[in-house]
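Asker: below is the structure, and that's it, no one-letter string:
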């Protein structure tokens with residue numbers, strides 16, 4: 001049974017890399033720390049997704065509800081993608097890279113679906129799938145493809161990177177985005 005789990009985990013890592021992940025690392029969900037202060041940052045709405053997206057708080061639920069949802073899984077595969085920027089102030093490059101990372105998350109979703117019967121993908125910031133999110137007036141148009149915000153769950157991404165053994169910084173004039181596959 002242990003060997004079977006290891007083989008499945010290795011296959012999932014391979015799938016993540018094939019889906020466009022730059023680096024991957026495993027974290028036991030029991031080691032994850034949920035931070036109230038990150039949720040307070042969300043409430044400050046600097047990203048303009050708070051109370052405006054099904055992928056972000058408060059739509060993802062309370063921190064306790066996020067903790068309970070995560071506890072249903074044993075592991076998180078932290079995955080990253082790294083993108084070059086014209087300079088450290090290349091905001092348009094960051095936006096383009098964020099959209100590209102959403103494609104990596106979508107590809108990972110499609111590629112793990114045949115392998116995992118139950119999983120949850122967390123991605124960076126809001127969803128971005130629709131021009132205007134239906135939240136809070138109507139249900140999500142694509143609930144099966146909704147990837148909640150990794151930060152919206154109260155995670156400090158640099159802390160996750162350390163736990164997973166992946167780099168948080170990948171050099172000058174780059175941006176690295178993070179996601180989590182819970183399984």
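Answerer: Everything's here; your move. Everything numeric in this text was worked out from a predicted model, so none of it was measured.
Asker: walking through the protein, point out its helices one by one.
Answerer: 2-18, 36-44, 63-71, 91-112, 157-164 (DSSP state H).
Asker: for burial, what's the neighbour tally of residue 153?
Answerer: 26 (other C-beta atoms under 10 Å). Every C-beta, even on glycine, is put in place using the N, C-alpha and C of the backbone.
Asker: what about the nearest residue to it once chain neighbours are set aside, how many neighbours?
Answerer: Of all residues not flanking residue 153 in the chain, residue 66 sits nearest, at 4.4 Å (C-beta to C-beta, 6 or more residues apart in numbering). Around residue 66 there are 20 other residues, counting by other C-beta under 10 Å.
Asker: tell me who's in contact with residue 66.
Answerer: 34, 60, 148, 152, 153, 154 (C-beta atoms under 8 Å, 6 or more residues apart in numbering).
Asker: which single one of these is nearest to residue 179?
Answerer: Lowest distance from residue 179 to those (C-beta to C-beta) belongs to residue 148, with 10.2 Å.
Asker: okay, and the beta partners of that closest one?
Answerer: Beta bridges link residue 148 to residue 122 when assigned by DSSP bridges.
Asker: ok, it - contacts?
Answerer: When the contact criterion is C-beta under 8 Å, 6+ apart, the partners of residue 148 are 55, 56, 60, 66, 120, 122, 123.
Asker: got a quick PyMOL command for the buried subset of these?
Answerer: Buried members of those, defined by 16 or more other C-beta atoms under 10 Å, are picked up in PyMOL with:
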select buried, resi 55+56+60+66+120+122+123
